[in-house]
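Asks: predicted model and sequence follow; I will ask about them next.
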Amino acid sequence: MENRMDTNTQNTPKTGGRVLRGTVVASKMQDTCTVAVERYVKHPKYKKYQRRTKKYLVHDAGNTAVVGSKVEIKEVAPISKRKHFTLVKSA
């Protein structure tokens, strides 16, 4: 039996990663800002929707983000211990 490998999947770089939208809540660090992402979750028992917020550290080269602005962030390879996202769009 031969070990067959598809040549198309060998050298293709990984693309993708989650793209999230949120609001900048802090930009005091150098090349880093904190983005709060909100999502709605249905309560399993009461069937009521609740807001859940999670904060992410985002790489922001040049400190372009301003507190309160809506941004789009993309998941990338780890930049530091807690930074796994980079800034895509600032609106």
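Replies: Here it is on my side, so go on. Computed from a predicted model, the values in this text were never measured in an experiment. Residues are numbered from 1 along each chain as shown.

Asks: CA atoms only for the helix or strand where Thr53 lies - export them in PDB, please.
Replies: Assignment of secondary structure by DSSP states H and E places Thr53 within strand 49-59. Extracted as PDB, the C-alpha positions of strand 49-59 are listed here (Å, rounded to 0.1, in the frame of the first residue of the first chain):
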ATOM      1  CA  TYR A  49     -31.900  35.800  26.300                       C
ATOM      2  CA  GLN A  50     -29.000  37.200  28.300                       C
ATOM      3  CA  ARG A  51     -26.100  39.300  27.200                       C
ATOM      4  CA  ARG A  52     -22.700  37.800  27.800                       C
ATOM      5  CA  THR A  53     -19.600  39.900  27.400                       C
ATOM      6  CA  LYS A  54     -16.000  38.700  27.000                       C
ATOM      7  CA  LYS A  55     -12.900  40.900  26.800                       C
ATOM      8  CA  TYR A  56     -10.100  40.100  24.400                       C
ATOM      9  CA  LEU A  57      -6.600  41.600  24.200                       C
ATOM     10  CA  VAL A  58      -6.000  42.700  20.500                       C
ATOM     11  CA  HIS A  59      -2.800  43.600  18.700                       C
END
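
Asks: immediately after it, which helix or strand?
Replies: Per DSSP H and E, strand 49-59 leads on to strand 70-75 as the next helix or strand towards the C-terminus.

Asks: what residues sit buried inside that following strand?
Replies: Val71, Ile73, Lys74 (16 or more other C-beta atoms under 10 Å). (Glycine included, C-beta is placed from N, CA and C.)

Asks: now do the end-to-end distance for stretch 70-83.
Replies: Using C-alpha to C-alpha, to the nearest Å, one end of stretch 70-83 lies 19 Å from the other.

Asks: how about residues contacting that stretch?
Replies: 17-24, 32, 35, 37, 56-59, 65, 84-91 (C-beta atoms under 8 Å, 6 or more residues apart in numbering).

Asks: and that stretch, how far from the chain's centre?
Replies: 5 Å (C-alpha atoms, centre = their mean, to the nearest Å).

Asks: next: stretch 64-71.
Replies: Its chain's C-alpha centre and that of stretch 64-71 lie 14 Å apart, by C-alpha atoms, centre = their mean.
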